[in-house]
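# Got a sequence here, can you build the structure:
(one chain, ligands or ions: 1)
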Amino acid sequence: MSFVTRFAPSPTGYLHLGHAYSALTAFDAARAADGRLLLRIEDIDQRRARPEFEAAIFEDLAWLGLEWETNVRRQSEHMAAYEAVLQGLIERGLVYRCFRTRKEAAEAIASAPHGASDDVFRGEALPPDEEAERLARNEAFAWRLSLKKARAALGPAYFALMFEDETGPVRAEPDKHGDVVLARKDFPTSYHLASVWDDALQGVTHVIRGEDLREAAHLHVLLQKLLHLPTPRYQHHRLILGPDGKRLAKRDHAATLRGLREAGRSPEDVRSLLANAA
Ligand code: GLU
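The predicted structure is shown next:
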């Protein structure tokens, strides 16, 4: 069986031990399976992405001893492709314009009459005249995936969505995400849409990423079904925590690969730090 996995960092800071763990886990898995490791630069957020962080990604990964294929995909170069995917969803009525601000959406969730576990946003398109009025006023909006429309489009298949991860087969529950924002007025994609699209386009068979994205798989499987894309196998790995027991952040310089290298640590030291990290 072919094995294609990827490491998909965002160039918004220097890579830290958590990224190293993710990258090494993917690299080692590809090696063990005689498979391929791809690198994808997830830089759709151009307000936060910086060329020097991208350059540092290449440098730090090479220092760690990783090898990846040279056809690196940089998401910011493919916005037109994501826009076309979004357009397809618009034409199929699977997304709707939501004019609520984040604060208003949170308030709508808080005041909704469903149970506490149900704290997600669900909505629908505004009546056409109201929508036209708001568009004429040039109001900002988000494109949200309509779970209601997705259910109608897929029928019983909606309730039979499955994926496999390291725990075995999992029944996907997209409802736990509510109507997720897939794009915004002047911005044709979110992380979810671009990531799902690219994984399929790049022929990724195994998505290996941190525990923090475990829940995202439930939404990604639905997007794959709606977009007629294959569902890869997922593997979620533990997160590397700092000495304070908290998740590492890109601003903790001591935990960045750069910081460790400056402190005289070797790539082997990084591997053993990771093996011993809580
Ligand atoms: N760009 C994401 C991150 O930096 C990775 C998401 C993924 O692996 O799907 O966390």
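# Every contact and neighbour count from this point should use C-alpha atoms.
Noted.
# where's residue 153, which helix or strand?
helix 147-154 (DSSP states H and E).
# same question for whichever helix or strand comes after that helix, mean pLDDT?
Downstream of helix 147-154, the first helix or strand assigned by DSSP H and E is strand 162-165. Across strand 162-165, pLDDT averages out at 98.
# and what of stretch 176-192?
Stretch 176-192 comes out at a mean pLDDT of 95.
# mind checking the backbone torsions on the closest residue to residue 154 other than its chain neighbours?
Nearest residue to residue 154 in three dimensions, chain neighbours excluded: residue 226, at 7.7 Å (C-alpha to C-alpha, 6 or more residues apart in numbering). The phi/psi pair for residue 226 (degrees, to the nearest 10) reads phi -70, psi -30.
# cool, residue 180 as well?
When read as degrees, to the nearest 10, the backbone of residue 180 gives phi -80, psi 150.
# surely it meets residue 150?
No. Using C-alpha atoms under 8 Å, residue 180 is not in contact with residue 150; the gap is 12.0 Å.
# For this protein, give the residue positioned nearest to the ligand.
The minimum distance from the chain to the ligand, using C-alpha to the nearest ligand atom, falls at residue 9 (4.1 Å).
# In three-state terms, label that residue for me.
Of the three states, residue 9 takes coil according to DSSP: H, G, I helix; E, B strand; the rest coil.
# how near is it to residue 23?
9 Å (C-alpha to C-alpha, to the nearest Å).
# and those two? which has more neighbours close in?
Neighbour count, other C-alpha atoms under 10 Å: between residue 9 and residue 23, residue 23 has more, with 23 against 19.
# can you give me the helices for the stretch 1-150 of the chain?
Secondary structure of the stretch 1-150 of the chain (DSSP state H, counting those that start in this stretch): helices at 17-32, 51-64, 79-91, 102-111, 128-136, 147-154.
# Export the ones you listed as TSV, with columns for distance to the ligand and mean pLDDT.
TSV is the format used below for the helices of the stretch 1-150 of the chain (distance: least, C-alpha to the nearest ligand atom, whole Å; pLDDT from 0 to 100):
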stretch	distance to the ligand	mean pLDDT
helix 17-32	8	97
helix 51-64	11	98
helix 79-91	16	98
helix 102-111	22	83
helix 128-136	32	98
helix 147-154	21	98
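# looking at these, which is buried most?
Among the helices of the stretch 1-150 of the chain, ranked by average contacts under mean count of other C-alpha atoms under 10 Å, first place goes to helix 17-32 (a mean of 20).
# Around the ligand, which positions in the protein sit nearby?
With C-alpha under 6 Å from any ligand atom as the criterion, the chain meets the ligand at residues 8, 9, 10, 42, 195, 209.
# Residue 130 and residue 69: what is the separation?
50 Å.
# what do you get for residue 40?
When residue 40 is compared with residue 69 (using C-alpha to C-alpha), they lie 10 Å apart.
# what about residue 223, how many residues close to it?
The burial count assigned to residue 223 is 20, neighbours taken as other C-alpha under 10 Å.
# Could you do residue 94 as well?
21.
# Report the contact partners of it.
145, 146, 147, 149, 150 (C-alpha atoms under 8 Å, 6 or more residues apart in numbering).
# please redo it, this time with the cut-off set to 6 Å
Residue 94 is in contact with 146, 149, counting by C-alpha atoms under 6 Å, 6 or more residues apart in numbering.
# start to end distance for stretch 38-57?
Per C-alpha to C-alpha, stretch 38-57 runs 13 Å from first to last residue.
# contacting residues around that stretch?
Among residues not part of stretch 38-57, those counted as contacts by C-alpha under 6 Å, 6+ apart are 6-14, 68-69, 72-76.
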